[in-house]
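Participant: Whatever this is, show me its structure:
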Amino acid sequence: MPKINDLDSQILKTLLKDGRIGYNEIAKQNRVSKNKVWKRCRVLEQRGVISGATIQINFSHFGFEGLATLLIAVDAQLIEQAMDFIEKITEVRAYRQYNNVYNIRAVATLRDLNELDHIKELIKRKLPTTGLKTYIWTGVRNIPENLNLTESMNPAEENAWQQERKRVQRSNELVTIDPLDNQIVNKLTMNGRSSFTEIAKEIKVSTDTVVKRYHKLREADSIKVCVQINPKQIGYSSILDFNIAFTTLGGLSDTVIDSLTQIPDVIVITKISGDYDVQLTAMVRDVAESFAIQDKISRINGITKIEVSARKIRDQWPTAMQYISTI
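Facilitator: A predicted model of the protein is given here:
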């Protein structure tokens with residue numbers, strides 16, 4: 001499998017962090033020509049590494065009260081049937097889990113927190129489950145650019161987490177989203193790098209209106225565009241989900257979140273309520289790396305319990321409309 005060189009790595013990390021950044025800016029950051037950046041992007045697309053672009057959103061800005069993870073256990077022979085049923089529930093996405101008694105992980109987007117009880121009752125009534133756990137999300141750090149694509153690191157990344165924390169402080173501010181905003185968001189969900197002119201033609205408004213609305217949404221941290229890649233094309237084989245519990249004394253401080261963030265290939269950190277405090281998601285190439293990540297997590301003070309499960313990587317990642325960072 002072709003390796004990712006340092007320039008390709010920096011291009012991918014930059015586009016995962018800001019999917020609409022221009023080639024000029026990427027070139028300036030890496031002290032190369034715009035033409036070189038353009039050529040490397042074309043090569044990455046031809047190799048199937050870059051496969052599209054979509055957005056992350058702040059669901060609270062779009063009328064949702066929260067998100068929840070459901071861990072569901074069913075008999076092995078019923079997994080496919082159960083996942084087909086779960087996927088038909090509005091605003092619920094399901095993933096097959098391995099190496100865990102709960103063999104299905106689902107994420108529910110809730111307009112009203114009471115919807116969670118309805119979803120649980122529906123699953124219990126329609127599926128022969130042998131176990132069901134739920135966790136409400138209370139904060140997210142979504143960092144696809146944390147993939148460890150090469151051994152080297154751009155010096156600018158060293159203080160990136162502090163900058164990210166400052167940015168997400170705006171994420172809880174009151175934002176008004178109207179139907180036109182939703183139309184623009186829907187178009188960017190399908191292709192985050194669509195030209196504003198194309199979007200304007202499709203929804204029958206001026207290009208200037210689309211540009212202004214996009215920048216309003218971006219500056220309010222309501223949305224974030226990121227490219228999508230095929231992780232398999234650069235050697236990743238699976239995704240690991242860690243449920244982590246901390247001591248009450250240690251607590252889950254910003255310092256702890258920052259420590260977890262600095263572990264390479266950790267891509268999502270989610271604060272949750274329940275018998276665990278954090279769900280951490282990492283992408284790995286092999287078993288040795290999965291052990292290495294777990295060892296690094298275990299060294300963080302205050303951890304009392306870790307539960308690990310694995311799932312397959314999709315060909316296009318990040319998936320559409322993941323939760324934007326709020327912590």
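Participant: rest of the way, CA atoms for contacts and neighbours
Facilitator: OK.
Participant: what secondary structure does Gly52 sit in?
Facilitator: strand (DSSP: H, G, I helix; E, B strand; the rest coil).
Participant: who does it bridge with?
Facilitator: Partner residues in beta bridges with Gly52: Gln228, with DSSP bridges as the criterion.
Participant: so it makes contact with Val225?
Facilitator: No. Gly52 lies out of contact with Val225 (CA atoms under 8 Å); the separation is 10.9 Å.
Participant: overlap in contacts of those two?
Facilitator: Contact with both Gly52 and Val225 is made by residues Gly192, according to CA atoms under 8 Å, 6 or more residues apart in numbering.
Participant: More neighbours: the two, which one.
Facilitator: Each of Gly52 and Val225 has its neighbours counted (other CA atoms under 10 Å); Val225 has more, 26 against 20.
Participant: quick one: what helix or strand has the more buried one in it?
Facilitator: Here Val225 sits within strand 223-229, counting by DSSP states H and E.
Participant: And that strand, what does it pack against?
Facilitator: The contact analysis (3 or more CA pairs under 8 Å, 6 or more residues apart in numbering; DSSP states H and E) places strand 223-229 against helix 6-17, strand 50-57.
Participant: what's the angle between the first one and strand 50-57?
Facilitator: If I follow you right, that is helix 6-17. Between the axis of helix 6-17 and that of strand 50-57 there is an angle of 30 degrees, by axes from the mean of the first three to the mean of the last three CA atoms, to 10 degrees.
Participant: And the closest residue to Asn243 other than its chain neighbours, how close does it get to Leu71?
Facilitator: When the adjacent residues along the chain are set aside, Asn243 lies closest to Gln279, with 4.6 Å between them (CA to CA, 6 or more residues apart in numbering). Separation of Gln279 from Leu71 (CA to CA, to the nearest Å) stands at 12 Å.
Participant: What ranges does this structure have for its strands?
Facilitator: Secondary structure of the chain by DSSP state E: the strands cover 50-57, 66-74, 92-96, 104-110, 129-142, 223-229, 238-246, 266-272, 278-284, 303-312, 322-323.
Participant: what packs against the fifth one?
Facilitator: Translated: strand 129-142. The helices and strands touching strand 129-142, judged by 3+ CA pairs under 8 Å, 6+ apart, are strand 66-74, strand 266-272.
Participant: strands paired with it, and their directions?
Facilitator: Sheet partners assigned to strand 129-142 using DSSP bridges are listed as strand 66-74 (antiparallel), strand 266-272 (antiparallel).
Participant: same question, the fourth one
Facilitator: Sheet pairing here is set by DSSP bridges, and for strand 104-110 it gives strand 66-74 (antiparallel), strand 92-96 (antiparallel).
Participant: I'd say Thr197 and Thr207 touch.
Facilitator: Yes. Counting by CA under 8 Å, Thr197 does reach Thr207; the two are 5.1 Å apart.
Participant: In the stretch 101-250 of the chain, where is pLDDT below threshold?
Facilitator: Counting by pLDDT under 70, the low-confidence segments of the stretch 101-250 of the chain come to 151-174, 248-250.
Participant: what about the closest residue in space to Thr270 that isn't next to it in sequence, neighbour count?
Facilitator: Nearest in space to Thr270, with sequence neighbours left out and distances taken as CA to CA, 6+ apart, is Val140 at 4.5 Å. The local packing of Val140 (other CA under 10 Å) involves 21 other residues.
Participant: Would you reformat the strands paired with strand 104-110 as TSV and include mean neighbour count?
Facilitator: Conversion of the strands paired with strand 104-110 to TSV gives the following (neighbours: other CA atoms under 10 Å):
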stretch	mean neighbour count
strand 66-74	22
strand 92-96	18
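Participant: I'd like to know which of the ones you listed lies nearest to Ile303.
Facilitator: strand 66-74 (20.7 Å; CA to CA).
Participant: That closest one: how far from the chain's middle?
Facilitator: 17 Å (CA atoms, centre = their mean, to the nearest Å).
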